[in-house]
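1. pasting the sequence and the predicted model now:
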Amino acid sequence: MNEDRVPTNYKLIRLVRTQSSEVYLIWDDDRRIGQIDLHYAHDTIHGTLLLEVDLPIDQEEGLIAQIDDDIAQSYLPNFDREDFLITVFRGEEISNYTDTSGAADDEPFDEED
């Protein structure tokens with residue numbers, strides 16, 4: 001990674017954690033800028049970084065370094081792992097789906113039914 005990277009201080013909020021993966025939202029103050037999905041596979045960490053904003057390459061590298069420092073190294077320090085692979089995508093959220101979407105809020109609960 002570039003030694004001239006810009007230090008970053010984004011807020012990383014964990015959404016999901018399993019034995020082998022984690023999902024975090026990335027915030028810059030009150031603006032969501034992306035999401036990182038990390039998957040732990042023995043001695044390699046695979047990540048998918050979804051950015052919702054354009055970041056200069058030095059800030060992107062700074063964000064990846066922050067993710068490594070704040071999250072990945074707590075699972076497997078860089079001296080103990082084979083690789084830390086991150087694939088970066090640029091996109092936007094267009095919708096989300098859930099099995100419970102609207103089901104509980106649309107109709108009042110009636111114990112007699």
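-> That came through fine.
2. shaky segments in this structure?
-> Where the chain drops to pLDDT under 70, the residues are 1-5, 101-113.
3. quick one: the strands in it?
-> Ranges of strands within the chain are 11-17, 21-28, 31-41, 44-51, 83-90, based on DSSP state E.
4. given the last one, what are its sheet partners and their directions?
-> Translated: strand 83-90. If you go by DSSP bridges, strand 83-90 pairs up with strand 44-51 (parallel).
5. kindly report the same for the first one.
-> Here strand 11-17 has these sheet partners by DSSP bridges: strand 21-28 (antiparallel).
6. any idea of the angle the strand it pairs with forms with strand 31-41?
-> Per axes from the mean of the first three to the mean of the last three Cα atoms, to 10 degrees, the angle that strand 21-28 makes with strand 31-41 is 160 degrees.
7. list the buried residues for strand 21-28?
-> 22-26, 28 (16 or more other Cβ atoms under 10 Å). No exception for glycine: its C-beta is placed from N, CA and C like everyone else's.
8. and the contacts of that strand?
-> 10-17, 32-40, 53, 63, 67, 71 (Cβ atoms under 8 Å, 6 or more residues apart in numbering).
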